[in-house]
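Asks: need coordinates for the below:
(chains A and B)
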Amino acid sequence: MTSHWAPEQYLTARQLNAFLPRAVIKQIREPRDSTTTMVPDGELRVTLPTGQWAITIYIVIERPTGAGTGIRTRWFFPSGVTTTTLRYARGTVSAQSDPDDTLARMGAHFLTTAVQYGSEVFTNQVWTAVMEHSIVTLPAGGEIGLAWAQQTFSSDENYVAPGSYLIAEPVDLF
Amino acid sequence: MSWRAGQRIDDAALNLRGTQYVIKPSSTDRSSTVTPTNDPDLSLSLDPGLWEIEIGIYYSSATAAAGIRTIWTTPADASLVSLRACSGPGSVSTDRLSTQARLIGQVASGEVTYGHGNGLGNAAGATESALVRIVTAGSVALAWAQRTSDVGATRLHAGAWMRAEWIEE
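Replies: Have a look, this model is predicted:
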């Protein structure tokens, strides 16, 4: 049994809040073109206090037109971060072109490994949605989140869409 | 409903409502077996109540045939309130980065097989989750063996994890 609370400990708002999950919901349709160099997303990031955190990121991918073929991702994090699990990446294969009927990638990777997801051209309100998860230890807290770029270099934009979200759940706060 | 009017708020009640985690500290290798036995690490001791349990299974196998098979073990009087929702690579998958998916509902003792063909070290991932009613306090564990018996090992990787979230009494 994980024990966050000790006998006779004072119930404070600070302590109660500390154990609640943090959520970030993406508001802006963020475009990237002509780049395969992964840089942090503008919104899918969270600043966390010291501790061990289970982080899940749901990424909605949009590919409006043309030859852009989806995205590649990695995570960015403060120095000193260690992973206590691998980073699970479940989504479309790199070459997929139909989110309704596709082969899947179900690999477990390091935080910094480039993971590539394919996406079909966006039509009829159908996006591609993928999930990544890892449990990380932040010895001194800091900002952690998703970095991404195009899967393959193209002047046609790729997007991470609004409605993508990140959830961080505390596993252990030291 | 998690809290009752007039209930005493103490450390035991608060800790019960905190999510329970266990994270596998080191990898376990098994070979030449198709009889699932409890993993030495992926087990949680749970108090009575309704729990949502989820397991992240990161695994690899030396040969494509070996793969992994899983079941859950629970206290004798515990019961799955839901089916066990399992998602992972198809049983004959040989490529974790391009595989048909296995998306299946199973009972606790139903063996679920996942494939792997990328050699020891390049882990694939599967997740399983279910609602479990614990009557007498005890342990819920992941038990596993190879999909097909093989002298080449199947590995459950360090960092595989299990979480339990208390729902109600």
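Asks: from here on, contacts and neighbour counts on C-alpha atoms
Replies: Noted.
Asks: which residues touch the closest residue to chain A within chain B?
Replies: With CA to the nearest CA as the measure, residue B:159 is the residue of chain B nearest to chain A, at 3.6 Å. Going by CA atoms under 8 Å, 6 or more residues apart in numbering or on different chains, residue B:159 touches A:84-86, B:23-26, B:58.
Asks: among those residues, which one has the most neighbours?
Replies: Greatest neighbour count in these, by other CA atoms under 10 Å in any protein chain shown, goes to residue B:58: 28 neighbours.
Asks: isn't it up against residue B:122?
Replies: No: if you go by CA atoms under 8 Å, residue B:58 and residue B:122 don't touch, sitting 9.4 Å apart.
Asks: next, the residue of chain A found nearest chain B: phi, psi?
Replies: Across chain A, the shortest distance to chain B (CA to the nearest CA) belongs to residue A:85, at 3.6 Å. Note on residue A:85: backbone dihedrals following degrees, to the nearest 10 are phi -130, psi 170.
Asks: OK, contacts around it?
Replies: Neighbours of residue A:85 in contact, by CA under 8 Å, 6+ apart: A:134-136, B:23, B:158-161.
Asks: from residue A:18, how far out is it?
Replies: According to CA to CA, to the nearest Å, residue A:85 and residue A:18 sit 22 Å apart.
Asks: over to residue A:101?
Replies: From residue A:101 across to residue A:18, the span is 41 Å (CA to CA).
Asks: okay, the two: which has more neighbours?
Replies: Legend: neighbour count by other CA under 10 Å for residue A:101 and residue A:18, higher for residue A:18 (14 against 9).
Asks: show me where chain B has helices.
Replies: Using DSSP state H, the helices found in chain B span residues B:11-16.
Asks: let me see the contact set for residue B:151.
Replies: Counting by CA under 8 Å, 6+ apart, residue B:151 has contacts B:31-32.
Asks: and it, how far is that from residue A:163?
Replies: 47 Å.
Asks: ditto for residue A:79
Replies: The gap separating residue A:79 from residue A:163 is 29 Å, by CA to CA.
Asks: and residue A:116, what element?
Replies: Residue A:116 is part of strand A:115-117 when elements are defined by DSSP states H and E.
Asks: could you say what helices and strands that strand packs with?
Replies: Packed against strand A:115-117 by the contact rule (3 or more CA pairs under 8 Å, 6 or more residues apart in numbering or on different chains; DSSP states H and E) you find strand A:71-76, strand A:87-92.
Asks: show me the strands in the chain, by range?
Replies: By default, I'm working from chain A. According to DSSP state E, chain A carries its strands in the segments A:22-25, A:30-32, A:39-48, A:51-62, A:71-76, A:82-83, A:87-92, A:104-109, A:115-117, A:128-138, A:142-150, A:158-160, A:165-172.
Asks: my bad, chain B
Replies: With strands called from DSSP E, chain B shows them at B:20-23, B:28-30, B:37-46, B:49-61, B:68-73, B:79-80, B:84-89, B:101-106, B:112-114, B:124-134, B:138-145, B:154-156, B:161-168.
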